[in-house]
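Colleague: kindly generate the corresponding structure for this input.
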Amino acid sequence: MSTAHTPLIQTKDLCKSYFNDDVATPVLFDINLTINKGEFVAIMGPSGSGKSTLMHILGFLDMHTTGRYLFQGTETGELTDDELAKIRATRVSFVFQAFNLLPRTTVFQNVQLPLLYHPTIKLAEREKRTLAAIKTVGLSDRKDFLSSQLSGGQKQRVAIARALVTEPDLIFADEPTGNLDSASGVAVMQALQQLHADGHTIILVTHEQETARHAERIIHIKDGRIDSDSKDFKRVIASASSSLK
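Modeller: Numbers count the residues shown, from 1 in each chain. Below you'll find the model as predicted:
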C-alpha cells in the first residue's frame with residue numbers, strides 16, 4: 001500500500017476500558033482522530049482525562065478495547081506481538097518527564113542504547129547516528145559526560161537525542177518539561193520545535209498551557225472524549241484553562 005497520502009495515525013470510534021474482576025472502567029470514548037506525517041500536535045487535558053492512556057495506545061504501549069487504530073494504513077489490532085515489538089523498536093520513540101537515563105553511563109552511551117536493540121542498524125552505523133543525534137540537540141561537547149553530571153534541561157535534551165537516534169516516524173513527548181525550571185523548559189521545547197521544522201512528527205502530552213503553545217495543533221480531552229481539536233490557540237487554551245481550574 002502506498003503511504004504517500006495515507007495518514008500516519010487514524011482512529012475510528014476508538015474506546016478503552018480497564019477490567020478488574022470483570023468490572024469495566026471506561027477511560028476513552030469514541031476517539032476519532034487523524035494525524036498526518038509532519039504534524040506537531042499537543043494533547044491537553046486535566047488529570048484523569050485520558051490523555052496519557054490515548055498516548056500509550058497511539059505509541060503501542062497499550063491496546064484499545066473497541067474501535068480501530070490504523071498506523072500508516074495498517075490495522076494495529078491485527079498485528080502480532082512480534083510486529084508490534086518491531087514498531088516500538090523502529091518507528092516510534094518516547095521522551096518522558098523523568099528522563100529515564102542511565103546515571104553511570106555517558107551521554108553517548110545513553111543515546112546509543114536504542115540502537116543496540118534495533119533489528120537492522122549495523123554496528124558501523126551506530127556511532128555515526130549517535131553523534132548526529134547528539135549534535136542535533138546541541139550537546140556534542142557533553143558526549144563523554146556522565147548523565148549524572150548534567151543539568152535537568154541537558155538530561156531532557158539527551159532523552160530527545162535518544163528518541164531521535166532510530167529515526168522514527170513519530171516522537172511522543174510525555175510532559176517533557178514537567179521536571180524543569182522555566183528556562184530549561186523553553187530550551188527543551190525549542191529543541192522539539194526544531195525537530196518538527198526538520199520534518200519530524202511529534203505528539204506532545206501536557207497539562208501546561210505554555211508548553212502546548214509550541215505545537216501547531218492542540219487537541220483537548222475531557223472525561224475521555226475529544227472536547228476540541230483546533231489550530232486556534234487562543235480558543236483552545238482558554239477552554240483548557242477553564243477545565244483545569
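Colleague: ranges for the helices of the chain?
Modeller: Secondary structure of the chain by DSSP state H: the helices cover 51-58, 81-90, 107-112, 123-136, 152-164, 182-197, 209-212, 233-244.
Colleague: need those helices in JSON lines (columns: mean neighbour count and distance to Asp174).
Modeller: C-betas here are computed from N, CA, C, even on glycine. Compiled in JSON lines, these are given as follows (neighbours: other CB atoms under 10 Å; distance: least, CB to CB, whole Å):
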{"stretch": "helix 51-58", "mean neighbour count": "22", "distance to Asp174": "6"}
{"stretch": "helix 81-90", "mean neighbour count": "14", "distance to Asp174": "15"}
{"stretch": "helix 107-112", "mean neighbour count": "24", "distance to Asp174": "18"}
{"stretch": "helix 123-136", "mean neighbour count": "16", "distance to Asp174": "19"}
{"stretch": "helix 152-164", "mean neighbour count": "25", "distance to Asp174": "10"}
{"stretch": "helix 182-197", "mean neighbour count": "18", "distance to Asp174": "12"}
{"stretch": "helix 209-212", "mean neighbour count": "20", "distance to Asp174": "11"}
{"stretch": "helix 233-244", "mean neighbour count": "15", "distance to Asp174": "17"}
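Colleague: make CSV out of these and add distance to Ala42.
Modeller: Output for the helices of the chain, formatted as CSV (distance: least, CB to CB, whole Å):
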stretch, distance to Ala42
helix 51-58, 10
helix 81-90, 22
helix 107-112, 25
helix 123-136, 21
helix 152-164, 16
helix 182-197, 10
helix 209-212, 4
helix 233-244, 9
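Colleague: I'd say Gly45 and Ile221 touch.
Modeller: Yes: using CB atoms under 8 Å, Gly45 is in contact with Ile221, at 3.8 Å.
Colleague: spatially central residue for this protein, please.
Modeller: Compute the mean C-alpha point of the chain, and by CA atoms, centre = their mean the closest residue is Phe172, 0.5 Å away.
Colleague: show me the contacts for the residue nearest to Glu75 when sequence neighbours are not counted.
Modeller: Distances taken as CB to CB, 6 or more residues apart in numbering place Arg68 nearest to Glu75, at 6.5 Å, with adjacent residues excluded. Applying CB atoms under 8 Å, 6 or more residues apart in numbering to Arg68 gives the contacts 10-14, 75, 77.
Colleague: what about 10 Å?
Modeller: The neighbours of Arg68, taking CB atoms under 10 Å, 6 or more residues apart in numbering as the test, are 10-14, 32, 75-77.
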